[in-house]
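Novice: coords please:
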Amino acid sequence: MSDVLNYDDNCLFCKIIKGDIPSTKVYEDHLCYAFRDINPQAPTHILVVPKVHIPSVAEIDGKNEALVGHMFTVIARIAREEGLEGGYRVISNCGPDAGQTVPHLHFHILGGVKMGERMA
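Specialist: Okay, here's the model as predicted:
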């Protein structure tokens with residue numbers, strides 16, 4: 001079971017981090033947690049989430065920028081460990097108009113298939 005700071009009782013990802021909802025863990029440290037998406041959009045589809053409840057990219061600021069930088073270091077590490085030498089995509093949906101369905105900052109790592117340039 002993991003520790004999550006600033007826990008939100010209604011947040012799906014906070015529950016996953018705490019271990020209340022099962023997930024397939026890929027990586028974990030004291031700042032973030034990564035797990036396989038249950039509805040993968042590519043052969044490799046991993047979510048990287050901070051253990052601090054931050055609703056979205058819109059709430060990234062000077063207080064949490066080091067955490068977000070750490071998350072990108074973790075993303076690069078996971079991509080190497082997953083064998084995504086040909087490339088991968090990192091996506092974060094911000095707000096309902098962008099398709100964000102869980103209001104907890106998270107980055108999708110998508111890879112294992114050649115993707116086109118079009119994003120939408």
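
Novice: alpha carbons only for contacts and neighbour counts from here, please
Specialist: OK.

Novice: just the pLDDT at I38, thanks.
Specialist: In this model, I38 is scored at 96, pLDDT.

Novice: could you measure from it over to K63?
Specialist: With distances taken as Cα to Cα, to the nearest Å, I38 is found 31 Å from K63.

Novice: go on, P96?
Specialist: When distance is defined by Cα to Cα, P96 is 24 Å away from K63.

Novice: need the contact list for the residue sitting nearest the centre point of the chain.
Specialist: When Cα atoms, centre = their mean is applied to the chain, the residue found nearest the centroid is V48 (2.3 Å). For V48, the contacting residues are 32-35, 71, 75, 106-109, by Cα atoms under 8 Å, 6 or more residues apart in numbering.

Novice: what's near enough to touch the residue lying closest to A58 once chain neighbours are set aside?
Specialist: The spatially closest residue to A58, leaving aside those adjacent along the chain, is C94, at 6.9 Å (Cα to Cα, 6 or more residues apart in numbering). By Cα under 8 Å, 6+ apart, C94 lies in contact with 56-58, 100.

Novice: mind running it again at 6 Å?
Specialist: Applying Cα atoms under 6 Å, 6 or more residues apart in numbering to C94 gives the contacts 56-57, 100.

Novice: of I38 and K63, who's got more company?
Specialist: I38 (11 against 8; other Cα atoms under 10 Å).

Novice: what about V102, distance to G95?
Specialist: When distance is defined by Cα to Cα, V102 is 9 Å away from G95.

Novice: oh, that last question was meant for P103, not what I typed.
Specialist: Going from P103 to G95 by Cα to Cα gives 8 Å.

Novice: between the two, point out the one with more neighbours.
Specialist: Neighbour tally, P103 and G95, criterion other Cα under 10 Å: the higher count belongs to P103, 19 against 15.

Novice: wait, isn't the more buried one in contact with H53?
Specialist: No - P103 lies out of contact with H53 (Cα atoms under 6 Å); the separation is 8.9 Å.

Novice: the bottom helix or strand of the chain by mean pLDDT?
Specialist: Every helix and strand of the chain was ranked by mean pLDDT, DSSP states H and E. The lowest is helix 12-18, at a mean of 95.

Novice: helix or strand right after it?
Specialist: strand 25-28 (DSSP states H and E).
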